[in-house]
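1. Here is the input, now give the coordinates:
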Amino acid sequence: MIKVNIFEVKAKLSEYLDQVASGERVVICRRNRPVAELVRIDAARSAPRAIGGAKGQFALPPSFFEPLPADLIDSFYPGSSRPAQRVAAGRATYGAKRRRKS
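-> Have a look, this model is predicted:
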């Protein structure tokens with residue numbers, strides 16, 4: 001582990017990065033007190049992950065596709081038996097230009 005002050009890092013950053021790339025840790029200090037650490041990071045994955053890597057390790061039970069019980073649904077809406085159904089009061093205007101009143 002190497003301890004250096006900020007002014008040294010500013011002057012010799014590329015040298016310290018070379019040392020970090022070789023596996024060394026560099027602790028950056030401000031007035032001889034550690035504030036940051038430079039460490040090497042591993043290279044990012046170059047090959048994409050295979051699709052279906054967990055195939056056969058998990059199966060959805062048939063009950064997954066059944067409706068939830070009423071008491072469980074009611075627990076999401078305390079104080080009322082069911083949420084009020086809202087119905088749009090007119091045509092949707094998504095993306096449509098509005099007319100200005102003159």
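2. How far off centre is the lowest-mean-pLDDT helix or strand in the chain?
-> Between all helices and strands in the chain, the lowest mean by mean pLDDT, DSSP states H and E belongs to helix 70-75, at a mean of 85. Using C-alpha atoms, centre = their mean, to the nearest Å, the distance from the centre of helix 70-75 to the centre of the chain it belongs to is 31 Å.
3. Which residues belonging to that helix are considered buried?
-> Across helix 70-75, burial judged by 16 or more other C-beta atoms under 10 Å covers no residue at all. (Each C-beta comes from the backbone N, C-alpha and C, glycine too.)
4. Over to stretch 11-29?
-> Buried, per 16+ other C-beta under 10 Å, within stretch 11-29: 16, 20, 26, 28.
5. What of stretch 28-38?
-> For stretch 28-38, by 16+ other C-beta under 10 Å, it's 28, 38.
6. What lies in contact with it?
-> 3-6, 9, 16-17, 20, 25-27 (C-beta atoms under 8 Å, 6 or more residues apart in numbering).
7. got the end-to-end distance for it?
-> 8 Å (C-alpha to C-alpha, to the nearest Å).
8. so how far is it off the chain centroid?
-> How far stretch 28-38 lies from its chain's middle: 29 Å, per C-alpha atoms, centre = their mean.
9. hang on, the earlier thing: what's the closest of the buried residues of stretch 11-29 to residue 66?
-> residue 20 (55.2 Å; C-beta to C-beta).
10. That closest one in helix, strand or coil?
-> Secondary structure, DSSP: H, G, I helix; E, B strand; the rest coil: residue 20 is helix.
11. Contacts only, for it.
-> 26, 38-40.
12. if we can go back for a sec, in strands only, show me the buried residues of stretch 11-29.
-> When DSSP state E is applied, those are split such that 26, 28 fall in strands.
13. Now do the strands in the protein.
-> Counting by DSSP E, the strands of the chain are 2-5, 26-30, 33-38.
14. can you redo these as a markdown table with mean pLDDT and distance to residue 56?
-> Listed next are the strands of the chain as a markdown table, based on pLDDT from 0 to 100; distance: least, C-beta to C-beta, whole Å:
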| stretch | mean pLDDT | distance to residue 56 |
| --- | --- | --- |
| strand 2-5 | 94 | 49 |
| strand 26-30 | 95 | 46 |
| strand 33-38 | 94 | 42 |
